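1. Need a 3D model of the following:
(2 chains)
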Amino acid sequence: MTALSETAAREGALSTLRRGLRLSPEFRAGLAGTLALALVATAGRVVVPVAVQQTLDKGIGADGRYDIAFIRGAVALCALAVLATAVCAYLMNVRLYKTTEGGLANLRVRAFRHVHDLSMLTQSGERRGALVSRVTGDVDQISQFMQWGGLMMIVSCGQLVVASVLMAVYSWELTLLVWAAFLPLAFVLRRFQRVVSAAYTRVRERTGDLLAVVSESVVGAPVIRSHAAEERTAARVDRTVEETRRAQTRAQGLVALTFPSSELVAALATAAVVVAGTLLGVGGRLSAGELVAFLFLVTLFVSPMQTATEVLNDAQNAIAGWRRVLGVLDTEPDVADPGADGAVLPRGPIEVEFAGVGFAYPGGPPVLHDVDARIAPRTRVAIVGETGSGKTTFAKLLTRLMDPTSGRVLVDGVPLDRVRFSSLRERIVMVPQDGFLFDASLGDNIRYGRPSASDADLRLALTELGLADWLEGLPAGLDTPVGQRGESLSAGERQLVALARAYLAAPDLLVLDEATSAVDPATEVRLQRALDGVTRGRTALSIAHRMSTAEAADEVIVFDAGRIVQRGPHAELLRQGGVYGDLHASWIAQRAI
Amino acid sequence: MNPHVLREGAGVLAVAIRAEPRVFAVSVLGSALYAATTVGTAAVLGRVTEQVVLPAFREGRTTAGALTGAAAAILGVAFLKALGVAGRRFYAGLMQYRMQAAYRRAVTRQYLRLPLAWHHRHPTGQLLSNANADVEAAWAPLAPLPMAVGVVFMLVIAALSILLTDVTVALVGFLVFPAIALLNVAYQRRLAPVATRAQQLRAEVSEVAHESFEGGLVVKTLGREQAETERFAAAADALRDANIAVGRIRGLFDPILEALPNLGVLAVLLIGSMRLQSGAMDAGDLVHVAYLFTLLAWPIRALGWVLAEVPRSVVGWRRVRGVLDAGGSLPFGDAELPAEGAAGLEVRAVRFGYEDGRHVLHDVSFATGPGRTVAVVGPTGAGKSTLTNLLVRLVDPADGSVLLDGVDARDVRRGGVAATAALVPQQTFLFDDTVRGNVTLGLDLPDERVWEALRLAQAEGFVAALPTGLDTRVGERGTTLSGGQRQRLALARALVRRPRLLIMDDATSAVDPQIEARILAGLRESGAGATVLVVAYRKATIALADEVVYLEHGRVAARGTHAELLERSAGYRNLVNAYEEAEALDGGGLDDVLDTGEEALR
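-> Numbers count the residues shown, from 1 in each chain, chains lettered A, B, ... in the order given. As a prediction, the model looks like this:
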């Protein structure tokens, strides 16, 4: 299992909503209080219609006499109610923002951490941008729902209930009439909402494509420029821009159709209320004030209907957001940290053993077959072999970036999957070929593996690696900014930083995976020599296609088609010939002139 | 909000109105219809109350005609209102999206036009947000703009309508509506900086996540997950606090804005009933005015929405203009280069430095005749990659010149340099596209040409083994290729164009020596007849060269054949013989090495 979990994608919306809400227990804190405040704030909306009715019916008598004192009292009371409603609404908003933002910030952090806990294979199976959006945009959609859509949903329902109750008190006949007008609208809107939501999904997809194309035209600028592909790239951009615009216009058109339909229904309800109400009034069953209040109450039905499509869209987006966040959190890391139960390895030279190890990438053919190998403590081992022979897989299994499909890897006699990550990462460090640098200073990048290191420590480490001269040549020394992904430095320089970073972390087993492939030979030899010196007494393993590394190692392991085919010191292997002999011969041939 | 920003914001809107005058006119027309009918609804209801409802209640009877008339009036006004709403919404959106599309195209075209030096000065994330978020922000006020114009219209009609009803009651309106408008301005003024800050923090959270996930392997191998989580949590917490600050302001102003018109209605009731007593107005007038207050409360906030978007719009617009107005675009001449045969190359006294003050190349000169092969050799950080970028005119030298077939590269027509020279860079970039798309980059070439280039780049085997061959998607969403395979695709991309000058910047560093040897042999045998410049460390690669340029600290330290440089330049000797010397010093198995080496040579 290396893909993200699909559970959330398959379950129903309600189940996702339930599990999503359960992710953030913070939401429940003080929920009752917030809901009570929301109820008061909603109930406050009927104050004005009631005031109008009371004024018309009681303040202005049928006999044309006016009871100003009553009106004053009623207006003052209603004004107080309006102010109290505003205060409740304020308190509710603040509480809502505090609890939801607090809960969502924690959710972001949890999802972020979980992404890092996923195995390298799971991580690399996803587009980077898609992973980022799971801790940013997807959570933002939930937040939007919690603070607007979800609240609107509750307030709107409350508003409909309160208005209906009040209307029923005035006249049940007219209430039924209003419901009869609005109920079909609710069903129509529900259908409309599906169409609108599908249209917006399309907009989001097109926008995603658009961003990808623009991003390629920025990141790939050198390639586009050097092959004069500007016009063709521009045509591609134009196409996605146009597709995005078309999707947006279509969605907008649908909304423009949906929105006024509630206006029409409201007018229908109003007209019906006027006609029926007047007839009821003639029959003496309704007062004029009650009828006018009714007309005001009908307006309370319009806004929930108008926002309904947007609220439902919001809810769907939030559920989609939860679905994607749950997709991360539901995924069990296939390379898991045994945590507190795990073993802690004491520091000191490391012994490694591979016992019958096989490995296949998910859905792929086996790339390692039944590998048995023991690497004694304090040996410096070189791994050689053609591309695709299994060298890098071997290194990834050794550093537990992946777990073997069969067999076991043991470190100091302890199965690797029983070792705590904190202990494992401290003792075994790998330098990959493409040494990623963070957008910070050179010093901060080298310090990354050991944050407590002082500038003097860094200088010492660079001197020990024979890189003091290189550091001298940089304009601002350790303070030199390396730029995004380290791109202000050359590829070779980035590898030097990555190596220094791993070296400073002082592991007991250093694994180098083509870590100096872009460095010039003289620097590489100098580095190699320096590393030989400083790793003496530690275990070191390096993968290289430059045979000079193999020649300097205590032992060479030769891989071919996923198996170890030869093992021994360089001189002995050379005498044996075989695969190693061929590799070495082509290396020599390359060098000879 | 200072008047300067407001004026600039109005200027931005004027740009859009000038660009789409007709669409804007229709949307404003829709909005005006909506405004008039909103006021009309209240007036109709007032009249219906006074002329149909109250008489019926008083007299205890009514006529079918009166009721039908009332219903027809209400429905008719509503129909016009719906028409207005639909028109306003649709055309406002149309205008907004058209402007967005136009500026997204313009910004991206500008990216494709501006020189790479300009790209180097601007981080990728910023360029992406210029084309996306900034364009969106610039045109965001267009959505509520027609509504706001309509609201102004609506307020005028409402004011007139209330004034005509009763002057005293109108005074309440003249107190309440300006109060709402002013409060809205205050609201937006308070909200804008906080919302902007939240927006910035949102971008920061995204940047931290992006960088951290991109460096996921380093985080894992150094066991830094906890530290990264703390770094992210700090950004997420800052965003949370900013969002709560936004919530506080919203939570304060929204209820006040909702309460104000309600208080207005209550005031109308109080004053109105006194006026009723004095006979200055009737109950229908009272209902009309009170209803109008309820109806206007919401649309009047559209003014606030436009004002709220203005500062963001101005900032977005400035950033977009910054891209569109960026000067220093790469000038082109009109010189044509020959279409056939190998190109001649001369680098004359070239000097180059990056923006951050690093001087990379000083007074670099060398030349090579058509069909020859030059190797550029030098230690890490000597300026070799920079030099290759100058040769294909990704950047221009600060001083000196690069000549192709004797013509200054700056005088060559647009596209002329790319048609002549192809660079295979050290770092391979693959588009999210098929293998074919990545090799042709959209050129219309027959599959045989693509396969031929793949064969020459030693990529034929693995491409043929891909699930759908040339149509297999590679890049971020597609099949993951090894570093060496990616490099070979990049090489094929250069070769398929049959360049007259091929430049390879350590372009086979991730390729096995055996495969590299086959590539080099293939290139030589194919007799492509191109001039070749290679940046290399491997002796076999250097051996192919007719001449070697040895760079040190950005200067040409020595030039000549490999043999000459071995004799003349100590730095060169140290560099290329580093492995042999290391072996000699280590002493281990030296005899064996030499023996096998000699065998291999025979």
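
2. Kindly provide the distance from residue B:563 to chain A.
-> Per C-beta to the nearest C-beta, to the nearest Å, residue B:563 is found 8 Å from chain A. The way it works is simple: take the backbone N, C-alpha and C, and place the C-beta from them, glycine included.

3. Quick check: that residue vs residue B:377, distance?
-> Residue B:563 is 14 Å from residue B:377, where distance means C-beta to C-beta, to the nearest Å.

4. Over to residue A:83?
-> Using C-beta to C-beta, residue A:83 is found at 83 Å from residue B:377.

5. Pop the domain breakdown of chain A in here.
-> Following automatic domain parsing, chain A resolves into domains at A:8-171+A:286-329, A:354-591.

6. would you turn the ones you listed into TSV with distance to chain B and mean neighbour count?
-> What follows is the domains of chain A, written out as TSV (distance: least, C-beta to the nearest C-beta, whole Å; neighbours: other C-beta atoms under 10 Å in any protein chain shown):
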stretch	distance to chain B	mean neighbour count
domain A:8-171+A:286-329	3	20
domain A:354-591	2	20
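
7. Please name the nearest non-neighbouring residue to residue A:349.
-> residue A:377 (3.6 Å; C-beta to C-beta, 6 or more residues apart in numbering or on different chains).

8. That neighbour should be in a strand, yeah?
-> No. Residue A:377: not assigned to a strand; according to DSSP: H, G, I helix; E, B strand; the rest coil it is coil.

9. ok, it touching residue A:350?
-> Yes. Contact criterion C-beta atoms under 8 Å: residue A:377 and residue A:350 qualify, at 6.0 Å.

10. shared neighbours of the two, which are they?
-> residue A:539 (C-beta atoms under 8 Å, 6 or more residues apart in numbering or on different chains).

11. Nearest to the middle of chain B, which residue? Look it up for me.
-> residue B:128 (2.4 Å; C-alpha atoms, centre = their mean).

12. ok, how many other residues are close to the residue lying closest to it once chain neighbours are set aside?
-> Sequence neighbours aside, residue A:215 is the residue nearest to residue B:128 in space, at 5.7 Å (criterion: C-beta to C-beta, 6+ apart). Residue A:215: 19 surrounding residues under other C-beta atoms under 10 Å in any protein chain shown.

13. what's the helix or strand for residue A:215?
-> Assessed by DSSP states H and E, residue A:215 sits inside helix A:172-219.

14. phi, psi of the single nearest residue of the stretch 1-150 of chain B relative to chain A?
-> Nearest residue of the stretch 1-150 of chain B to chain A (C-beta to the nearest C-beta) works out as residue B:78 at 2.8 Å. Main-chain dihedrals, residue B:78, degrees, to the nearest 10: phi -60, psi -40.

15. Confirm for me that residue B:40 is in contact with residue B:76.
-> No. In this structure, residue B:40 is not within contact of residue B:76 by C-beta under 8 Å, at 9.3 Å.

16. More neighbours: which of those two?
-> Neighbours were counted for residue B:40 and for residue B:76 using other C-beta under 10 Å; residue B:40 has more, 19 against 15.

17. measure the more buried one to residue B:168 for me?
-> Using C-beta to C-beta, residue B:40 is found at 23 Å from residue B:168.

18. can you tell me the helix or strand for the closest residue to residue A:179 other than its chain neighbours?
-> Nearest non-adjacent residue to residue A:179, counting by C-beta to C-beta, 6+ apart: residue A:164, 7.4 Å away. For residue A:164, the host element (DSSP H and E) is helix A:150-170.

19. between that helix and helix A:172-219, what angle do the directions make?
-> With axes from the mean of the first three to the mean of the last three C-alpha atoms, to 10 degrees as the basis, helix A:150-170 and helix A:172-219 are set at 170 degrees to each other.
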